Each structure stands twice: as C-alpha cells, then as structure tokens.
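[1] Structure for this input, please:
(2 chains)
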Amino acid sequence: MKNTSSSPTAQSPVPAEMSAGMLKFLGIAALLGLVIWRWNDFIAVFVNVLIWIYDVVGNNFGLAIILFTILIRIITWPLNAQQMKGATAMQELQNDKEWQAVQKKYAKDKEKMAQEQMRFYREKGINPFGSCLPTLIQFPIIIALYQSITRALGSTPLDLLKLSRSLWLPNVLDLVPLNSKFLWMDLGRPESVVLFGLAIPTLAVIVAATTYVQAKLTMPTSTTPGDQSAAMSGMMSIYMPLMLGWFALTFASGLSVYFITSNILGIVQYAVQGKANWRNLIPGASKK
Amino acid sequence: MRKKLAITMTILLGAVLLSACSGGPVHGATWPGLVTNGTTAYLSDGSVYAVNLKDGKPAWTYPGSTKLIFHAPAAVTPDGLVIVGSAGTDYSLIALNPADINPETNAPIEAWKFTGAQDRWMAAPLVLDNKLFAPNSDGNLYILDLQDGRSVKEATVVELGGRLWAAPTTDGERVYITSLDHSVTAVDANTYDILWQEDLGAAVPGSAVLGEDGMLYVGSLASQLEKFDPATGRHQTVIEAENWVWSTPSLDGDTLYFSDVDGNFYPFNTSTGSLNWNPVKPDGSITASPLVSGDSILIATESGSIYQVSKDGQSVLWSEPGGKIYTTPVAAGDLVLVAPLETEFYLAAYDQNGHQAWTFTPGK
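    Model prediction:
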C-alpha cells in the first residue's frame, strides 16, 4: 500500500494523486474547449491527414480511414492505458472487504463516506476522473471524423466547396474528388448489402458485435452482490453496441470502418496487456 | 449514480451532435436547384416546390423523404413536365406533371420514372428534341426517349466516368458533359458515340459554355478557364484565375463572365483573348454563375449579397437577401429569383431595383 503521509502534500485538503488527476482532467477539458473553439481547424487537420494517407496508400480512402484510426489509437494509447489501470483499481476497490465494511458503516453519513472514499482513493492511487477521459476524448474524435469523412469525400457541392477551404497540403488538387469506393461500400453513405431482396446492414451488425465483444472483454468481474460499477458496465455493454450500431446504420459507412477498426484495436490492446476477460464472452461463465 | 448519469448524458449529447451533422432531406444540406418556366419557379430544396412568380404563393409541392431528396435543378420539357432527380438513397429520376395534381396531397402525379441510375442526381438534365440527356453521379449519361409513352423509362447509357454534377450543353449536334473526374466529353447527339474526351487535371463542377466565336469554354478547379475546339476537343488555357472556378461562365456577346471561389469576378473577352477590365472582388466567395441582366451583371456571393456590375466594371451593392448564396440567381420577367441558404425563407424575388417583391417559405 502506498504511504503518502510523508509527502509534503499530505496536509493538503486534496491528495497529491487527486490533485494531479484533477489537473490532468482540467488540462484535457481545456484542450477540448480549444478544439471546440477552433473546430473548423480541427476538422481541417483531420481532413489533411486523411488525404495525405489517401495519397500515400494509392488513393484508397477505406485504407486511409483504417490507418488514421490506428494513428488515433496510438496517440490516445496512454490515456486508454491509464483508463484501464484506473478501472481495474476501481474494481479492486469495489471488491475490497475493508471498503465494503466502510460502505456499510457510513451508509447514512455521506460526508464521512466521502472522506473515507478519498482516503481509499489516495491509498490505492486511484484517479476518479481517469475513467471519464476516454469517453470525453472519443466523442469529439467521432464527430470530427464523421465531418472529416463527409468533407473529404465532397459528396455534395457544399461539402466539396468546404473541402476547398480545408486543404493545406500542396499538390492535392489532382486527388479531388476522392474515390469513395472501398470494397463493396460507398464510404460517404450508409452501407447495406442486398441479399434475397433484403437490405442487410452488415457493417452496422459488425460494429454492434465488435463493440459488444470489446465491452464484455473489458468488463471487470465483480464478486460483490449489488456492485453498482459492475451493473453500470453491464448496462454499457448493451447500450454502447446498440448506439454505435445505430450510428453505423444511419451515417456514412466510413464512420463504421473507424468503429470496427477502433474496436478491433481496442480488443488487441486489452489482450496484449493481459486485461481481456475472455470468460465474459461465455454466457453465465463470469458468474461462476 | 451521478457518474452513470454523466456518461449517459455524454453519450446522448454525442448522439445529438452527430445527428445534427447528418443533413438529410432538409433545407440546407447543400445548395438548392432553381429554374423557372416564366410563370412558375421550381425550387429543389429537399422537396420540389412550385412557386407562382406573380405572388410567391406555392402552386404545389412534391415532398422529399429520407430516401427522396431533391437538390438538382429540374428540367422543364416543352409539354410542361418537370423532371427532377433525387440525391437521396433512392436514385429515381421523376417526371412530374403539374397539369395533374392530386387534390388530397397537392402534389403532381408522376408521369414517368427512371430508376436505372446507381447514384445521386446533382445535375439538371438537358432536353434536346425528344430526348433527355441526364448526367448522374455514377459517371453515366442516361439518354431517355421522352416520347416512348412508358411510365417506367429505359435508357441508353453512355459511360463517361467520375461524378457528373453539371447540366450538359449542346450545339444541337454534340452534347458536352463535364465531370468531377477532370474530364470534358463530347457525345454525338444522335449516335451517342463519344467523339472526344479530354482531361483538364482538375475536377469540373460547372457546365461548358459555347461562345460567340463557336468555341467551348470551361472553368475548372485547376483555377483556369479552358477553351476547346468543339469539333476536335483540342484545348488551351486562356486565363488563370486566383482560385477554383466553380460556376458556369455566363455569355454576353463576346464576353464571358465568370468567378472564382475567392470572390474574384472576371470579364473575359473571347475576341481579344484578354480581360475587359481588372477583376472586381465584392465581398465573398462566388459559386453562383453571373446573371446578365440588361446593361449590367448580377453576381451573388456567399456573404448573402448581390452586386450589380456595369459592363465597364463598376460594382455596387444591389441587394442583400442575407444567408449564404450559392445557387445562381434566375431571371423571370422583371423579377430576379434568389435561393439562399441559412435564411428563414427558401426563395425570394427582387424587382429590377433590388427591392424584395416577395419571399417563399414552405408552410407559410
């Protein structure tokens, strides 16, 4: 157990790990504010990187999105790793006998409970803001990517005109408009495959499935009955696949390519770090 | 519980933000198409709106949907059919008969339909004799017989490549089609053979124009105005612009007026091969074609203004409809019709002095 009593910040009302975590959180929030303020420039960066990759890989926009997603995962890797670490620590806390006893003891004294919670966070080195960061970062990226794809592809006159204002790279004029075809898809439009007269949204199904698998693999095993954190993880493993599946059904299929690549990379990342909980994929196995 | 709520709210916010970007069959997804037959204006802006020029009142509406979305300018045939293609997921080209209105829906009956295209319709088709030359975003030029009496049309397909976003031009013998794949093509109007196809090195979103000198002129995203021999396709650059030339040049005698997306307005004299005067630069990007109106030229800018430029290059602010104007203004008798984006109204008419005569807003 970490001993922070000798730390100069120990007397501070906010523990060292907490204040560092809060500072990081505020830093990310400030960065997000900057991104929103300079949203068009942010999109333009995405567009130019996508077009640069598109050029390098021989005018294949699907491949460009996949490589761009890998780039995004690499850039956000430290944050994801930190989130995983934080989630594991939080789960360990939920299963901690001492914490469970404290929860029972101070069930009716919220102030004391908060103090004890802070103490536990300090002792376990948990950053309570850590798990919010990937969610906070993911959404601007998804929205920016969606707008970048539609802008880069220039599917409508207005999008193509906007593209003209986003191009910073020299000598890309001959690339415009980009080829939106990838495998069987038009990356600027929602995808479906017609089988026996029925339009099957295959990408939406794959997006939902990979999101579900990723959520299940990262879902910690709880030994505590009525564990709120585990209940929430379980809920998210249902809601997130449905929501991203709906996005895939509704929006440009280029976004689905991003979701699928990102999910697969996430699964690989968890597996490489030995955090993947494969038993969760077997119905009922995690309860044993 | 608070954390759960925060995550749920974040997800919902994300969903709402993403949904807001999706466009759909609504006003403003891209700029509308606008044409007139002298008594009625046809506005393709999600739905197709027929508006009486006399008072700006709606005559009928052909409603768009999540699948049928209309942005391409319509073509009006000599027998009064209004032909317009969908830019939604249903790639139908539909002929509407304004003489046959469904009293319950106030929508015209479909005279015929063509469903053979593979992509969106962004360009107005060309009516030539009894044929319809319809360019599609799938790179094909579809040629339909307007007199075959079919309710479901079949087409002769000429494969050109790229996205065809501009209305074809014709001299009666050949049909000239521009493409975003950087090409300009001449197709025989009778045999449908490709006579020549030339690459300009950059996309061509506007139509070609036949000059008084018999040459074909095309602006491109290579920021150039190109002159073609319509018989052979041999071409040369006649003037360099500051930025992308989006709009179709407008012809007035031996002068071609055109603009670039930086907002420069050029008067190119086809006889002398030079500019009549230095380019003027009003107040915003220009994608709309200039409108030659009497002794002056009207140019609409993205800033929502319309400038009147005299033929010796003096420009004055003529009107300020507001919003953003990308669609080429259309002259209809004494009126000038303007269809901006980001305004409360969808269409406005101005008299010759630039005063607003009426506005049209669906549902009002």
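
[2] count of residues packed around the closest residue to residue B:253 other than its chain neighbours?
    With sequence-adjacent residues excluded and distances taken as Cβ to Cβ, 6 or more residues apart in numbering or on different chains, residue B:253 is closest to residue B:212, at 6.3 Å. C-betas here are computed from N, CA, C, even on glycine. When neighbours are counted by other Cβ atoms under 10 Å in any protein chain shown, residue B:212 registers 13.

[3] Can you list phi and psi of residue B:194 for me?
    Note on residue B:194: its backbone torsions stand at phi -80, psi 120 [degrees, to the nearest 10].

[4] Count residues in the vicinity of residue B:52, would you?
    Around residue B:52 there are 14 residues (other Cβ under 10 Å).

[5] if I pick the residue lying closest to it once chain neighbours are set aside, what's in contact with it?
    Spatially, and ignoring its direct neighbours in sequence, residue B:52 is nearest to residue B:59 (5.4 Å; Cβ to Cβ, 6+ apart). Counting by Cβ atoms under 8 Å, 6 or more residues apart in numbering or on different chains, residue B:59 touches B:40, B:50, B:51, B:52, B:98.

[6] Can I get the buried ones among those as something I can paste into ChimeraX?
    Here is the ChimeraX command that selects only those of those that count as buried (16 or more other Cβ atoms under 10 Å in any protein chain shown):
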select /B:40,50,51,98
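
[7] Can I get the contacts of residue B:59 in CSV including secondary structure and pLDDT?
    Formatted as CSV, these follow (DSSP: H, G, I helix; E, B strand; the rest coil; pLDDT from 0 to 100):
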residue, secondary structure, pLDDT
B:40, strand, 97
B:50, strand, 98
B:51, strand, 98
B:52, strand, 98
B:98, strand, 97
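
[8] Go through the contacts of residue B:59 and say which is closest to residue A:23.
    Comparing the contacts of residue B:59 against residue A:23 with Cβ to Cβ places residue B:51 closest, at 59.2 Å.

[9] what are the bridge partners for the closest one, then?
    For residue B:51, the beta-bridge assignment (DSSP bridges) gives partners residue B:41, residue B:58.

[10] From chain A, how far off is it?
    The span separating residue B:51 from chain A equals 22 Å under the rule Cβ to the nearest Cβ, to the nearest Å.

[11] Helix, strand, or coil at the residue nearest to residue B:253?
    At residue B:212, secondary structure determined by DSSP: H, G, I helix; E, B strand; the rest coil is coil.

[12] quick one, what contacts it?
    Applying Cβ under 8 Å, 6+ apart, we find residue B:212 in contact with B:251, B:253, B:254, B:270.

[13] Between the two ends of stretch B:266-285, how far is it?
    Across stretch B:266-285, the straight-line distance between its terminal residues is 13 Å, by Cα to Cα, to the nearest Å.

[14] now do stretch B:255-263
    Start and end residues of stretch B:255-263 are separated by 19 Å (Cα to Cα).

[15] All the helices of the chain, residue numbers only.
    Here I'm looking at chain A. If you assign secondary structure with DSSP state H, the helices in chain A sit at A:16-37, A:39-56, A:61-75, A:77-94, A:97-105, A:110-124, A:133-153, A:157-166, A:202-218, A:228-250, A:253-272.

[16] actually it's chain B I care about, not the one you picked
    When secondary structure is read from DSSP H, chain B shows helices at B:2-20.

[17] Walk me through the domains of it.
    Structural domains of chain B, as assigned by the TED database, span the residue ranges B:30-165, B:176-278, B:282-363.

[18] For the residue of the stretch 51-200 of chain B found nearest chain A, grab the count of nearby residues.
    Using Cβ to the nearest Cβ, the point where the stretch 51-200 of chain B gets nearest to chain A is residue B:180, with a distance of 5.0 Å. The number of residues packed near residue B:180 is 23, by other Cβ under 10 Å.
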